[in-house]
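Engineer: Show me how the following folds:
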Amino acid sequence: ISISPSDVEKKLVDDQRGGYCWEQNTLLRMALEELGYKVMPVMCRVRWGQADDSDCEGPNTPFDHLALIVRIQTPPDGKSNCFLADVGFAGTNSIHPINLGIGDEQQDFPEGLFRVVPSKHDDFHVIELRVVKKKNTDPEVDEQEQEWRPLYEWREESAPWVDQECSNWYSCTYPTHLFTTSFFICKLVSTGDGDERHHISNDQYVIRKGYGVDKEVITEQIKERERLMYLVVEVFGINLDGVETEGIDRFLS
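Structural biologist: This is a model prediction of the structure:
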């Protein structure tokens, strides 16, 4: 998968093909810089769904995610002018920019509550999502438990282009990587009742409305190729004209 600016623009804009973090955030960077913002690409270690590595000799995940730190003109009140921008982390991330200048103060967005704190690894920061769930399966009992779960971590160091290319190549070619061993697609859909997150993971089509204990989750098992193709084109808006689709259904049950 190429992440050269011209190839990314052609695939995502002209051909309407969609892409993953290395492509989505490359396109976002191009747009922001065209608008005059100063943008620093940062490579990230994914922590979501990973075992805690704080007691290990070193991290247990590679740099296989790309995010952006965006600097805007210093406002009159003197507050921080740096934000974390990321439109490529799929189902659990905030599509809204995260303020990096308010310490560990929680930030409330339609996708949930987020905060940025120092990582357990020196010189790194980590973005965390507050996960809230019911402690009791009895619908009459309103007991909740919550915890902060890390999404990914980064250090404030601009990622050279050559490093981005190497990490992108690893992400899309390594035999056991998520992106070479599964089918995944995600889209944020705006409705009259608010935003919905739609995603397909292998044979599961999921619609999530809201967050926390009050969220509504609708799940469908995709059993036929025709249904998968319909969802990809009509719901997720991916243009498959002239694209080889043999094997697109190989992860269906």
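
Engineer: quick one, helices of this structure?
Structural biologist: 5-9, 21-34, 161-173, 178-181, 225-230 (DSSP state H).

Engineer: Out of those, indicate the one that is most buried.
Structural biologist: helix 21-34 (a mean of 19; mean count of other Cβ atoms under 10 Å). Where C-beta positions appear, they are placed from N, C-alpha and C, glycine not excepted.

Engineer: the inter-axis angle of that helix versus helix 161-173?
Structural biologist: Relative orientation of helix 21-34 and helix 161-173, computed by axes from the mean of the first three to the mean of the last three Cα atoms, to 10 degrees: 140 degrees.

Engineer: Between the helices of the chain, which has the poorest mean confidence score?
Structural biologist: Between the helices of the chain, the one with the least mean pLDDT is helix 178-181; it has a mean of 92.

Engineer: between the helices of the chain, which gets nearest to Lys187?
Structural biologist: helix 21-34 (11.5 Å; Cβ to Cβ).

Engineer: Against which helices or strands is the closest one packed?
Structural biologist: In this structure, helix 21-34 packs against helix 5-9, strand 38-46, strand 63-71, strand 82-85, helix 161-173, with contacts taken as 3 or more Cβ pairs under 8 Å, 6 or more residues apart in numbering; DSSP states H and E.

Engineer: gap between that helix and the chain center?
Structural biologist: Centre-to-centre, helix 21-34 and its host chain are 14 Å apart (Cα atoms, centre = their mean, to the nearest Å).

Engineer: Look at the most centrally placed residue in the chain and report its pLDDT.
Structural biologist: The centroid of the chain falls nearest to Phe89 when counting by Cα atoms, centre = their mean (0.7 Å). At Phe89, the pLDDT value in this model is 90.
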